[in-house]
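Engineer: predicted coordinates and the sequence they were generated for:
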Amino acid sequence: MPVVEIVFARLHAGGKFDKAGGGAYGFSGGLHGVGVSVTNALSKRLEVTVWRDGAVHRIAFAGGEVAAPLASRPAGRDERRSGTRVRCWPDPKYFDSHAIPQGELARLLRSKAVLLPGVKVALVDEKSGRRQSWHYVEGLRGYLSESLAALSDAEPVIPLFEGEQSVGPGHDVFAEGEGAHWVVAWTEDGGLLRESYVNLIPTPAGGTHESGLREGLFAAVKGFVELHNLQPKGIRLLPEDVFARASFVLSARVLDPQFQGQIKERLNSRDALRLVSSLAKPQLELWLNQHVEHGRRLAELVIRQAQARSRAAQKVEKKKSSGVAVLPGKLTDCESNDIARNELFLVEGDSAGGSAKMGRDKEFQAILPLRGKVLNTWEAERDRLFANNEIHDIAVAIGVDPHAAGAEPDLSNLRYGRICILSDADVDGAHIQVLLLTLFFRHFPALIERGHVYVARPPLYRVDVPAQGRRPLRKLYCLDDGELRHVEDKLRKEGVREGSWTISRFKGLGEMSAEQLWETTMNPDTRRMLRVSFGDVDPAGTRARFTMLMGKGEAASRRAWLEERGNEAEVDI
């Protein structure tokens, strides 16, 4: 079977797997060899034309099957080129609308022109005759300058800071060729532009590469401020002070990226944070100390942001100081009064609570350990809720009274912008999650509707990889069995001897050290955290499902549901 037919007609076929063995791709966004095969399957017709080695090769598909086998002929005098053209006609029966979203397509094509300086990219609409083209000779710098000029008349406070660096051969931690290219601009006012990419794929929800840029820039600016003794007394600089007025375009190259979700909106690879941070920090430090006047202007802007944040927090403190509720004794509170930043972790068990207290960032993270399983509150009367100590402590800690769905509760005393459920990554932990979600959905629905409730996702496995040559001992964390298989495949490709690594399964959060819990579950830059919101099931459907699952008189419904859907359960025994 010709390679072009395999690629377009078979799943999991492509040149993106054997990256270490000199395959066709050094870096790629594609992970599974699925994209073009699915495109083909959803098309009425798909035609591929390949120009290479002095010949023209053509193949056509219909509904994913070969309609015209591969045929080749010598290239004509005007066809002396190389490349591939793919034309597809989407099958309307698979789509709600036959119209291709041109705005999204234009943004995607423009990003390719931005990331590949000098390459001209064109979008032609044959129906309307409309044509758009993009060509950025200066790449990221030219694009950011053009975009900022369109957003605001304000000039950047300092010249654009641009950096690009790749990892060389023999690095202890990162693979050869991994790296990043970034351009950053700071402005006093006006709109901001923030765009990031991984292996040329847009990541509109950001991820660990953006966190790495933020961490590196903050460390460099903070170091400059301390070196030149510019920091006023009583003002503490935070990463958001440096990033508040920053616009940037970031392009990262990661050998084996891990994304959140099928459409790759967010990068989850923990190594990317260390990669980008380690490259950006020394370059900005050097630049600031070579251009001290520019560094002082940037420091003044950052300090003004910190002072404004401090004043806003003081206003909130005055408003809240009239409250009379006594906070629960087992609550380990945070120091900050900034609601938008503060987080409360509802932690399963005292031992895990102890690790969380030691591992947290006490500036903005509070810990409330819960003993045992919380009461099932689905049918509990609202005025009897506080008879339960755990629920009383949760309500007092967050500063919001129980309320009904559709009510307009008083959230002025809300003490934390994020309320995070942190339980073990096993069946018992999932049960505790459900009980707490029942409490919030039934008696604190406004917190869910306004996006204040989150579920933390601690890892289930730790993989200890022995030292290899110059590469030190590594500890890799996996969320579930799927990630564990992925990590083991990656280690085999790296040439790690089969069986030399050891796999530990966490029985619970209490087994983790404070450092491990911080790195995997609590650090905003590297953790996995899911915001609780309504998905495919609307609020009414969600209420009906909760009634069936949590109602005391619904045993028959639960039994029928289990008999119908029990085979779908992935039981963790």
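Structural biologist: Here it is on my side, so go on.

Engineer: contact partners for Gln165?
Structural biologist: Gly179, Ala180, Leu279, Gln283 (CB atoms under 8 Å, 6 or more residues apart in numbering). C-beta: built from backbone N, CA, C; applies to glycine.

Engineer: and for Arg214?
Structural biologist: Pro239, Val242, Phe243, Asp525 are the contacts of Arg214 under CB under 8 Å, 6+ apart.

Engineer: so which of those residues comes closest to Tyr136?
Structural biologist: Ranked by distance to Tyr136 (CB to CB), the contacts of Arg214 are led by Phe243 at 24.5 Å.

Engineer: okay, now the closest one: neighbour count?
Structural biologist: As a burial measure, Phe243 scores 21 neighbours (other CB atoms under 10 Å).

Engineer: quick check: chain neighbours aside, which residue is closest to it?
Structural biologist: Arg214 (5.3 Å; CB to CB, 6 or more residues apart in numbering).

Engineer: am I right that the one you found sits in a helix?
Structural biologist: Yes. Remark: Arg214 belongs to a helix, assigned using DSSP: H, G, I helix; E, B strand; the rest coil.

Engineer: could you measure from it over to Ala220?
Structural biologist: 11 Å (CB to CB, to the nearest Å).

Engineer: poorly predicted segments of this structure, please.
Structural biologist: 16-24, 31, 261-262, 313-325, 570-573 (pLDDT under 70).

Engineer: which helix in it runs the most residues?
Structural biologist: Using DSSP state H, we find that the single longest helix of the chain is helix 292-320.

Engineer: helices and strands around that helix, which ones?
Structural biologist: helix 208-227, helix 239-243, helix 270-290 (3 or more CB pairs under 8 Å, 6 or more residues apart in numbering; DSSP states H and E).

Engineer: now it: buried residues?
Structural biologist: Gly295, Arg296, Leu298, Ala299, Leu301, Val302, Ile303, Gln305, Ala306, Arg309, Ser310, Val316 (16 or more other CB atoms under 10 Å).

Engineer: before we move on, what about stretch 400-410?
Structural biologist: Buried residues in stretch 400-410, defined by neighbour count with 16+ other CB under 10 Å: Val400, Asp401, Pro402, His403.

Engineer: I'd say the last one and Leu411 touch.
Structural biologist: No. Between His403 and Leu411 there is no contact, the gap being 9.6 Å when judged by CB atoms under 8 Å.

Engineer: which residues do the two both contact?
Structural biologist: What both His403 and Leu411 touch, as defined by CB under 8 Å, 6+ apart, is the set Ala446.

Engineer: re the thing from before, the longest helix of the chain versus helix 208-227: what angle between them?
Structural biologist: Put simply, helix 292-320 runs at 100 degrees to helix 208-227, going by axes from the mean of the first three to the mean of the last three CA atoms, to 10 degrees.

Engineer: right, and the helix or strand after helix 292-320?
Structural biologist: Counting by DSSP states H and E, the next helix or strand C-terminal to helix 292-320 is strand 343-348.

Engineer: other SSEs contacting that following strand?
Structural biologist: When contacts are defined as 3+ CB pairs under 8 Å, 6+ apart, strand 343-348 packs onto helix 350-359, strand 365-370, helix 389-398, strand 418-422, helix 427-443.

Engineer: pull the distance from the longest one to the chain's centre.
Structural biologist: So that's helix 427-443. Distance of helix 427-443 from the chain centroid (CA atoms, centre = their mean, to the nearest Å) equals 24 Å.

Engineer: mind listing what's buried along that helix?
Structural biologist: Buried residues in helix 427-443 (16+ other CB under 10 Å): 429, 432-443.

Engineer: of the buried residues of stretch 400-410, which belong to helices?
Structural biologist: Going by DSSP H, the helices hold none of those.

Engineer: what's the closest of those residues to Ile503?
Structural biologist: Val400 (41.9 Å).

Engineer: any idea how far that closest one lies from Pro445?
Structural biologist: Counting by CB to CB, the gap from Val400 to Pro445 is 11 Å.

Engineer: cool, Asp489 as well?
Structural biologist: Asp489 is 43 Å from Pro445, where distance means CB to CB.

Engineer: quick one: which of the two has more around it?
Structural biologist: Comparing Asp489 with Pro445 by other CB under 10 Å, the one with more neighbours is Pro445, at 20 against 12.

Engineer: distance between the ends of stretch 412-431?
Structural biologist: Stretch 412-431 has an end-to-end distance of 31 Å (criterion: CA to CA, to the nearest Å).

Engineer: only the buried residues of it, if you could.
Structural biologist: For stretch 412-431, the buried set under the neighbour-count rule, 16+ other CB under 10 Å, comprises 414-425, 429.

Engineer: any chance of those in JSON lines, with distance to Asp538 too?
Structural biologist: Rendered in JSON lines, the data for the buried residues of stretch 412-431 read as follows (distance: CB to CB, whole Å):
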{"residue": "Leu414", "distance to Asp538": "25"}
{"residue": "Arg415", "distance to Asp538": "30"}
{"residue": "Tyr416", "distance to Asp538": "27"}
{"residue": "Gly417", "distance to Asp538": "25"}
{"residue": "Arg418", "distance to Asp538": "24"}
{"residue": "Ile419", "distance to Asp538": "23"}
{"residue": "Cys420", "distance to Asp538": "25"}
{"residue": "Ile421", "distance to Asp538": "22"}
{"residue": "Leu422", "distance to Asp538": "28"}
{"residue": "Ser423", "distance to Asp538": "26"}
{"residue": "Asp424", "distance to Asp538": "30"}
{"residue": "Ala425", "distance to Asp538": "29"}
{"residue": "Gly429", "distance to Asp538": "27"}
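
Engineer: between the residues you listed, which is closest to Lys44?
Structural biologist: Ala425 (44.5 Å).

Engineer: could you say which helix or strand contains the closest one?
Structural biologist: Short version, using DSSP H and E: Ala425 is in no helix or strand.

Engineer: is it true that it touches Arg457?
Structural biologist: Yes. Counting by CB under 8 Å, Arg457 is a contact partner of Ala425 at 7.3 Å.

Engineer: shared neighbours, the two?
Structural biologist: With CB under 8 Å, 6+ apart as the test, Ala425 and Arg457 both reach Leu479.

Engineer: if I look at the residue nearest to Val124 when sequence neighbours are not counted, how far off is Ala540?
Structural biologist: Spatially, and ignoring its direct neighbours in sequence, Val124 is nearest to Arg131 (5.0 Å; CB to CB, 6+ apart). Separation of Arg131 from Ala540 (CB to CB): 48 Å.

Engineer: and for Leu439?
Structural biologist: Separation of Leu439 from Ala540 (CB to CB) stands at 19 Å.

Engineer: do Lys222 as well
Structural biologist: 50 Å.

Engineer: which one's more surrounded, these two?
Structural biologist: Set Lys222 next to Ala540 and count neighbours by other CB under 10 Å: Lys222 wins out with 19 against 8.

Engineer: so the more buried one makes contact with Ile235?
Structural biologist: No. Using CB under 8 Å, Lys222 makes no contact with Ile235, being 11.8 Å away.

Engineer: residues contacting Ile235?
Structural biologist: Ile235 neighbours (CB under 8 Å, 6+ apart): Ile303, Ala306, Gln307, Ser310.

Engineer: ok, now Gly551?
Structural biologist: Gly551 is in contact with Trp378, Glu379, Ser557, counting by CB under 8 Å, 6+ apart.

Engineer: want to throw these into a markdown table with secondary structure, distance to Gly33 and neighbour count?
Structural biologist: Converted to a markdown table, the contacts of Gly551 look like this (DSSP: H, G, I helix; E, B strand; the rest coil; distance: CB to CB, whole Å; neighbours: other CB atoms under 10 Å):
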| residue | secondary structure | distance to Gly33 | neighbour count |
| --- | --- | --- | --- |
| Trp378 | coil | 45 | 19 |
| Glu379 | coil | 50 | 11 |
| Ser557 | helix | 43 | 14 |
